[in-house]
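**Student:** 3D, please:
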Amino acid sequence: MSAVEAAFREHRGPLLATLVAELRSFDLAEDALQDAFAAATSQWPGGGVPQRPAAWLLSVARRRAVDRRRRDETLLRYLPRLITPEARAADNDPEADDSLQLLFACCHPALGLEARVALTLRFVAGLTAPEIARLFLVGEPTMAARITRAKQKIRAAGIPLGVPSPHDLPARAEGVLAVLYLLFTEGYRSHRHELAAEAIRICRLMPPAPETTALLALMLLQHSRRHARLSDGNIVLLPDQDRSRWDSRAIAEALTLLDTPAPVGPYRLQARIAAHHAIARQAADTDWPAIAALYARLEDLTGSPVVRLNRAVAVAEAEGPAAALDLLDVDLPGNHHLPAARAEMLLRLGRTAAAVEQFDIALALAPTDTERDHLRRRRESAPGTGTG
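**Tutor:** Next up, the predicted model:
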């Protein structure tokens, strides 16, 4: 990986957030930062990599932004921070991060959920429009148009860039945490470790609050298993994972976070469930009755059919597949995990034909090759299918 590529991966998101905060323009920030990376591509190989790459890129991007706005003869009107002592001082602090201010703007309640997620991925996490389009299985023009409409709405509505007042923070924080969890979940599901790590990084910037701490703990616990979840491109289920490959430092941090007394909310319940998995030295040591009880509390709190699905998996381990199958009489359109779970329960009950039928439904719904390959192997392992 070249020095420019490494800088792009490490610094693009925070730099873009800083530039948007200063320039008050998504488009100008993107263009200026793109100019800076283009300059780095041409200058770094011959002249050497700067000692502080982020500071170099930020300085160049600011100059390019000045040039662009000078061409429009609007510099003094729209770009005051670039000529203030505060902006010049910020050059000496390349670690300064405006991601939190930008995050609250991207997650403003005036925007729809899809727009919030797309803007957060683009301007806080620093993904490109083609990358976001691939994540959400839509065409690049569709995603680019979605991002453009969201930016236009921010401008038209005059959505401020900044952290809300203490009075408004709790209500606004809930929406931000939901977007962060979606961002993490997408990275976790698609095995995009850098995307999950970005959600964790941004969550650390949030003002401290019980559910924020709980979400951070939850993400750390889930992310701790990242290196054990795939083997040669194949999914490794939780009971079969090599637990020595789990990130013990992330687990220890998460457990410390959960030690702090706090009200029990959805993220805290999920984190406590993940903690039970983390502390089990081997799969056989997992306290499944405790996990099933926590899922029951979470279902009472949320009414979510996805929670019911996960509860059923825990009940299967605690009480057996028949009790779990009774819980799977729920409706989750388009979700391949539901028929996959039904198939596993039916298989354990010896109802092979019905299990194969559910595996076929799950295969038709699974969104990635990795998941389809896993389901196909499970289907072929069923007795009487010719390969099991």
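
**Student:** Kindly list the main-chain dihedrals of P141?
**Tutor:** phi -60, psi -40 (degrees, to the nearest 10).

**Student:** and it, how far is that from E186?
**Tutor:** From P141 over to E186 the distance is 21 Å, taken as Cβ to Cβ, to the nearest Å. C-beta: built from backbone N, CA, C; applies to glycine.

**Student:** Looking at the two, which has the bigger crowd around it?
**Tutor:** E186 (18 against 10; other Cβ atoms under 10 Å).

**Student:** list the helices and strands the host helix or strand of that one packs on?
**Tutor:** Here E186, judged by DSSP states H and E, is contained in helix 169-189. Contacts defined by 3 or more Cβ pairs under 8 Å, 6 or more residues apart in numbering; DSSP states H and E place helix 169-189 against helix 99-106, helix 113-119, helix 193-205, helix 210-223.

**Student:** For stretch 313-328, give the distance from the opening residue to the closing one.
**Tutor:** Chord length of stretch 313-328, first to last residue, is 9 Å (Cα to Cα, to the nearest Å).

**Student:** mind putting the helices and strands packed on helix 169-189 in a markdown table, mean neighbour count and distance to D287 included?
**Tutor:** Formatted as a markdown table, the entries for the helices and strands packed on helix 169-189 read as follows, by neighbours: other Cβ atoms under 10 Å; distance: least, Cβ to Cβ, whole Å:
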| stretch | mean neighbour count | distance to D287 |
| --- | --- | --- |
| helix 99-106 | 24 | 36 |
| helix 113-119 | 21 | 34 |
| helix 193-205 | 19 | 26 |
| helix 210-223 | 24 | 15 |
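
**Student:** mean pLDDT for the ones you listed: which is lowest?
**Tutor:** Lowest mean pLDDT of the helices and strands packed on helix 169-189: helix 99-106, a mean of 79.

**Student:** and the direction of that one versus that of helix 169-189, what angle?
**Tutor:** Angle of helix 99-106 versus helix 169-189, following axes from the mean of the first three to the mean of the last three Cα atoms, to 10 degrees, is 100 degrees.

**Student:** quick one on the thing from earlier: may I see the buried residues of the helix holding E186?
**Tutor:** 169, 172-173, 175-177, 179-184, 186-188 (16 or more other Cβ atoms under 10 Å).

**Student:** what's the angle between it and helix 210-223?
**Tutor:** Using the same axes, to 10 degrees: helix 169-189 against helix 210-223 is 10 degrees.

**Student:** now helix 169-189: how far from the chain's centre is it?
**Tutor:** Relative to its chain's centre, helix 169-189 lies at 8 Å (Cα atoms, centre = their mean, to the nearest Å).

**Student:** just stretch 31-48 next, same as before
**Tutor:** Remark: stretch 31-48 is offset 29 Å from the chain centroid, using Cα atoms, centre = their mean.

**Student:** Ok, stretch 186-196 next?
**Tutor:** 6 Å.

**Student:** So what touches it?
**Tutor:** Here stretch 186-196 makes contact (Cβ atoms under 8 Å, 6 or more residues apart in numbering) with 9, 125, 127, 135-136, 183-184, 197-199, 219, 222-223, 226, 229-230, 368, 370.

**Student:** ok so, going back, the helix holding E186 vs helix 193-205, what angle?
**Tutor:** With the same axes, to 10 degrees as the basis, helix 169-189 and helix 193-205 are set at 160 degrees to each other.

**Student:** contacting residues around V315?
**Tutor:** Taking Cβ under 8 Å, 6+ apart, we find V315 in contact with 292, 323-324, 327.

**Student:** Just among those residues, which is most surrounded?
**Tutor:** Among these, the one with the most neighbours (other Cβ under 10 Å) is A324, at 25 neighbours.

**Student:** Assign that residue to helix, strand or coil.
**Tutor:** With DSSP: H, G, I helix; E, B strand; the rest coil as the basis, the three-state label of A324 is helix.

**Student:** Under the pLDDT cut-off, which ranges of the stretch 101-250 of the chain? List them.
**Tutor:** Within the stretch 101-250 of the chain, the ranges that satisfy pLDDT under 70 run 135-137, 161-163.

**Student:** Apply 90 and report the result again.
**Tutor:** 101-176, 178-179, 182-183, 185-187, 189-195, 198, 201-202, 205-209, 232-235, 237 (pLDDT under 90).

**Student:** domain parsing for this protein?
**Tutor:** According to automatic domain parsing, the chain comprises the domains 3-96, 98-207, 280-331, 332-388.

**Student:** would TSV of those domains with distance to A262 be doable?
**Tutor:** Below are the domains of the chain laid out as TSV (distance: least, Cβ to Cβ, whole Å):
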stretch	distance to A262
domain 3-96	29
domain 98-207	14
domain 280-331	15
domain 332-388	29
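
**Student:** chain center to stretch 329-339: distance?
**Tutor:** Offset of stretch 329-339 from its chain centre (Cα atoms, centre = their mean): 22 Å.

**Student:** outside of that stretch, which residues touch it?
**Tutor:** Under Cβ under 8 Å, 6+ apart, the answer for stretch 329-339 is 305-306, 308-309, 328, 358-359, 361-367, 371, 375.
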